[in-house]
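*Asks:* next come a sequence and a model predicted from it.
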Amino acid sequence: MVQLSIGEGLAILGAGIAIVGGALGTGMAQSAIGSAIVGVLAEKPEEYGKMLLWLVIPETIIIFAFVIAILSVMKVGV
């Protein structure tokens with residue numbers, strides 16, 4: 001069994017919270033954007049490329065959250 005200090009445990013907890021927060025934010029953003037995109041594509045199918053870009057932009061939130069989580073755990077040395 002691995003013994004962790006309180007600081008290491010809090011760093012891991014913080015990394016988990018960063019991932020959960022980023023995932024929730026991404027999901028909420030994509031749900032709102034996705035429904036709007038479906039409406040636009042129903043009227044203008046030629047806008048598919050632009051709309052795909054708008055749908056992918058919120059994914060950067062979870063990528064940044066993942067990077068923050070990795071950096072915080074690496075900083076502690078776990």
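*Replies:* Received, thanks.

*Asks:* which ones are touching the spatially most central residue of the chain?
*Replies:* Nearest residue to the geometric centre of the chain (Cα atoms, centre = their mean): Ile62, 1.6 Å. Taking Cβ atoms under 8 Å, 6 or more residues apart in numbering, we find Ile62 in contact with Ile19, Gly22, Ala23, Gly25, Thr26. For every residue, glycine as well, the C-beta is placed using N, CA and C.

*Asks:* so which elements touch the biggest helix by length in the chain?
*Replies:* Taking DSSP state H as the criterion, the chain has its longest helix at helix 6-43. Under the contact definition 3 or more Cβ pairs under 8 Å, 6 or more residues apart in numbering; DSSP states H and E, helix 6-43 sits against helix 48-56, helix 59-76.

*Asks:* Gly16 touches Ser72, doesn't it?
*Replies:* No: under the criterion of Cβ atoms under 8 Å, Gly16 makes no contact with Ser72, lying 10.1 Å away.

*Asks:* more neighbours: the two, which one.
*Replies:* Ranked by neighbour count (other Cβ atoms under 10 Å), Gly16 and Ser72 place Ser72 first, with 18 against 12.

*Asks:* let me know the pLDDT of the more buried one.
*Replies:* You'll see Ser72 listed with a pLDDT of 88.

*Asks:* any idea how far Phe64 is from it?
*Replies:* 12 Å (Cβ to Cβ, to the nearest Å).

*Asks:* what residues does the closest residue to Lys75 other than its chain neighbours make contact with?
*Replies:* Distances taken as Cβ to Cβ, 6 or more residues apart in numbering put Ala11 closest to Lys75, at 7.1 Å, once the chain neighbours are dropped. By Cβ under 8 Å, 6+ apart, the contact set of Ala11 is Ser72, Val73, Lys75, Val76, Val78.
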